[in-house]
Structure formats: structure tokens, C-alpha cells
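Colleague: Take this sequence and fold it.
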Amino acid sequence: MRQAGLDDAVNVVGPRSGYSLYDTDVALQEAVAREGAAHAQEALREHGAWLGRPEVMEAGRDANAHPPQFIPVDPVGRRVDALRFHPAWHFLMSGIFQRGLHCAPWSSPAPGAMAARAAGYLMQGQVEAGTLCPTTMTFGAIPVLAKEPAGEVDFARDWLALLYSRCYDPADAPVASKRGVLVGMGMTEKQGGSDVRANTTHAEPCAAPGRGRSYLLTGHKWFYSVPQSDAHLVLAQAGEGLSCFFVPRYRPDGRRNAVRIVRLKDKLGNRSNASAEVEFCGAWGVMVGDPGRGVPTILEMASHTRLDCVLGSAALLRQATVQALHFCSRRQAFGKLLIRQSLMRHLLADLALESEAATALAMRLARAFESDAPLERALRRIVTPAAKYWVCKRAEAAIGECMEACGGNGYVEDGPMPRLYREAPVNAIWEGAGNIMCLDVLRAMQRDPEALEALEEHLRDRGRGSDEFRAAWQAWVDLIAARDEAEFKARRIAGLTAALVQAAVLMDIPGGMAADAFIAARLAQPSWLYGDSDTGHGEAACAFLLARAWPESG
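Modeller: Numbering: from 1, shown residues only. As a prediction, the model looks like this:
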């Protein structure tokens, strides 16, 4: 018998590409319709088909294999603080701008616009996650700048037309010559981290007639998101206290601003995207928001970025699940396909359930950003930080399971799993780590009792048909009521908040099997391990969840 050699390729499975990310995702399609974005179906279908092309997926790989380079000076020694990106980065960013993922709900507001944008963002994150950072920062900055009264901070407001542009312009140039712009964020400093009130960067007023409230900033930022951006929203201490400033890359007179890049961060993942340490050496900026109210001003930006963290983790989880399902649908072991083997089938169904629940929750939260009704406010203010904590944490473990399902091939850099796995922690850390999110959940509950009451009533009504759901809801209510222990148990409160809302959203899926499986596996017998919880209906639930997750799994 001839032995298999290096040229033979029997029972091997390569990464999945060349498919529509939208047409193969039943959960996303249903969420788009459910959350009021059915009008965007055709655009999303085109976007999903484009993202699934082999050359687009290869661009995601290339952008991470060739991280940005920092160019401190030009050939004759002039300080330029420039960054050089691989062409794949610019290719992917151009696609993002063409589809308005950085601006569409602001430039073209309409019912369902937030959900439509969220669906496109979720698909984009499956191909390359680093490009999501400048997209999110710019998206979150727009409502902050749009609130500034005309004539007060005219320099910043003048940027709105360029922020709405669908033209990606990577040129390092003054804004007057740009066709489109990016905005980043600078909050954290090395001595404070998440405790931004410990910031020491200070801002002194300066004279600049006709340019709003002008200041010169001196200090540093330990993490400066998207340093190639055309401007940043920055926190600094002013006479009235910690305030928010709009700091452009170039001053209004066309001179480069005095923001010096010290180095780029060498990160675990998110390698296509630049993050920097910078120093402000008398950098010019204008104040936005009220003096001394920098944290509330920039937190409006952060509320949108936190939603995008949920979407980003749902995207990574979806792509990892697809790759695991594809592999197990084609790989044989011990005489039959992996997906036909009972234990693997149970595990894959549980991962598919986790992915669908993450997608459903993220899309529901996106719709909540379109209304200020008490329940929608509760979803924005209370559930969004809870979801960021819960979904981002669970995605890390789930992606590890997806990698393991692909065996040794999942662990090597030839495939997408290592990049997805390295990418997973960033959403849990970025814009507030787990403990910060859980404390924000408690803070939101205390500050908006009307919203909390609306959420409690909504979940109570949704759970009337399930004893397990009602028991979990009552445990959640009791935890919230025990205020003396709330901070100690904040992680449990936040996680249960997110899981209850996930179950409530899944109840809208016809047949009830998805909600039953989630309640059985996440509320009745919660576990951090996948494949070890009952999904309620045995093989019938597995078949239902797998068929929804991937058309080739049948």
C-alpha cells in the first residue's frame, strides 16, 4: 500500500472563504428585520458577499502580517511622526468608508439606521478587526462634535462635512486639503489607567480669535487610539477641572501640531491597527463640552464605542464558529464526520447558541440607540456595559473552543484561528475592563431608577412562560436590592443582566427552541465551559442551532 506523502491531500480542510457572510447567517438576517433595518437587506447582502471574497479575507490576513510602521523623521531629519500602513489596510478602510460604517446613522438618520450599521460592522469585524478601531472612534466622535453650538467651537464643527464623507483619505495633510477624516481618542495616562481623573496633562488658555476656546496642552497619553487620525478627543486638566479637547493633527494655520509619538504599542492582537504613546508639547486644541465636564463629554463617545465592543466580539465569535463548523463538517475521524459525532455535535451546537445570542443582543442594543423611551434608555445605559462585560468575556473562551475543535490545524498561523484568538481580549479591555463595566452597570441602575424599573418589568413579562427564567429574574432582582453587597457581587449582577436580556431577545425567534436552549444552558445551569450544559431538547436542539448557524452543517 502506498503511504501518504507530502503531495497527498486527503481528509484535510482549509479555511473557509468565498462565501456570503450575510446569506449564510440566519441569525443576523432575522435580527436585521426584527430591529427595524429590513430596508437595508440588499446593501447588507452586497456587503456580505464582498467581505466573503477570498481576496478581501486575504487582505485581512495581510494587514495583520504587516503591522504599521512608525516614521519619526523624514529623510532630512524633520520631525514628521508619520505612520506607514500596508496597502491591505487602506483597501479595507476604503470599503468601510464606502459603506458609511463610520457615519451613516448620523449623516443619513432614519429608523433602523443604527441596526443596519451594526449589521455591517458585525460582518466587517469577521474579516479584519483592527480597522474597526478608527471606524468606531470616528463614529463615536461625531455626536460629540455635532452638539457644539455653532460659533462656539467652529473649528471642530467645521469638520462634520468631512466626517460624513464616504471617501477614505489616508493622506497626512492639513484638513483643508482632505476629502475625508478620522478622529481618535486619548484618555488614559500611565499613572491612572482607567482612573482618568488622575490625569496630569494640563491645558492653558491661549489666544486664537475665531477658533473657539483655544488651549495649549502639555503632558502625555499612555494609550492614544489611532495616532494617524486627523484629530483626537483628549482629556486634560484645565482651570475648571478635567475637560475635553479637540486636538487636530495640524493646527489651523497648516503647521503640524505638537503631538509627538513616542512609540507604537507592541500588542498581543489587533496588530493591523496602530496604538501609540504620545507627548503633548504645547499642542493646540479647542475645548468641547462644558468646562470641567470632560468625562461626561467623552463618555458619550464611549457609550457608542462600548456597543461596538459588543459587536466586535460577536463578530469574532461568529467567524470562529463558522470556521469550526466548516472544519467539522468536512473532517472525518474514526470513520465519520466530526459533526456527526455526538459529543462534538453537542459542543458545536453550544458554540452556535453562544454566537447567535451574542448577535441578537448586540443588534437589539443597536436599536436602543434610536430612542429615549425608558426601556431603550435602560438597554443603552444599563445593558450595554453589562453586555460588553458578558459577551466580550465569553467570546474569549468560546473562540478557544472553536480553535480546539479544529485540532492542531487550528493552532497554527496558516489559518485564521490564532488571529481571532489573539484579537478576542481587546474588546474586554478597551473602553473599560470588566470590573469598570460592572461598576458602570450599578451606577446606571442607581442614577436612572425609571429605566431600571422598565427593564425589570420587561424581563418579568418576557419570562412568564418559563419557570427557569423567572427564577433567574428573581435572583437578579434580589441581587440588585441587596445594595450593601452590590459592589462585591457586581460581576454576577452584570452577567445575569446580559444573560436575561439575551434570553428575552431569543424569545422572538419562531418556535421557541433557541430561547429554551439558552435558558436551559445559561440560566438554569450556567457554566463557563461549553458543551457541558443541557440545551433543553437534546438532538433536536442541536440540529436546529447548527442548521441556523451554518448551511453546510446539515
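Colleague: any weak-confidence spans in the stretch 151-300 of the chain?
Modeller: Where the stretch 151-300 of the chain drops to pLDDT under 70, the residues are 151-157, 192, 208-212.
Colleague: Helix or strand next in line after the lowest-mean-pLDDT helix or strand in the chain, which one?
Modeller: Least confident helix or strand of the chain, by mean pLDDT, DSSP states H and E, is helix 154-157 with a mean of 62. Downstream of helix 154-157, the first helix or strand assigned by DSSP states H and E is helix 160-163.
Colleague: Contacts for whatever helix or strand comes next after that next one next, please.
Modeller: Proceeding N to C from helix 160-163, the next assigned helix or strand is strand 183-186, under DSSP H and E. By Cβ atoms under 8 Å, 6 or more residues apart in numbering, the residues outside strand 183-186 that reach it are 134, 137-138, 140-142, 145, 159, 163, 221, 223-227, 229-235, 247, 278, 298, 301, 305. Every C-beta, even on glycine, is put in place using the N, C-alpha and C of the backbone.
Colleague: got it, and stretch 76-96?
Modeller: Counting by Cβ under 8 Å, 6+ apart, 50-51, 56, 58-60, 62-63, 65-66, 68-74, 102, 124, 127-128, 130-131, 134-135, 168, 170, 172, 227-228, 256, 259-261, 264, 272, 274 sit against stretch 76-96.
Colleague: out of these, which are inside strands?
Modeller: 69, 70, 71, 72, 73, 259, 260, 261, 264 (DSSP state E).
Colleague: I only care about the contacts of strand 183-186 that end up buried; give me the ChimeraX line for that.
Modeller: Selection of buried members from the contacts of strand 183-186 for ChimeraX, criterion 16 or more other Cβ atoms under 10 Å:
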select :134,137,138,140,141,142,145,159,163,221,223,224,225,226,227,229,230,231,232,233,234,235,247,278,298,301,305
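Colleague: Among the contacts of strand 183-186, name the ones in strands.
Modeller: Per DSSP E, the subset of the contacts of strand 183-186 in strands is 221, 223, 224, 225, 231, 232, 233, 234, 235, 247, 278.
Colleague: Let me see the contact set for the closest residue to the last one other than its chain neighbours.
Modeller: For residue 278, ignoring the flanking residues on the chain, the nearest one in space by Cβ to Cβ, 6 or more residues apart in numbering is residue 224 at 4.5 Å. Remark: with contacts taken as Cβ under 8 Å, 6+ apart, residue 224 is in contact with 184, 186, 232, 261, 275, 276, 277, 278.
Colleague: Against residue 16, how distant is residue 224?
Modeller: Distance of residue 224 to residue 16, computed by Cβ to Cβ, to the nearest Å: 36 Å.
Colleague: after the helix or strand hosting residue 491, next one along is what?
Modeller: Assigned by DSSP H and E, residue 491 belongs to helix 490-506. Following helix 490-506 in sequence order, the next helix or strand is helix 513-518 (DSSP H and E).
Colleague: What helices and strands are in contact with that following helix?
Modeller: Secondary-structure packing of helix 513-518 (3 or more Cβ pairs under 8 Å, 6 or more residues apart in numbering; DSSP states H and E): helix 342-368, helix 490-506, helix 538-549.
Colleague: Nearest to residue 408, out of those?
Modeller: Closest approach to residue 408 among the helices and strands packed on helix 513-518 is made by helix 342-368 (15.7 Å; Cβ to Cβ).
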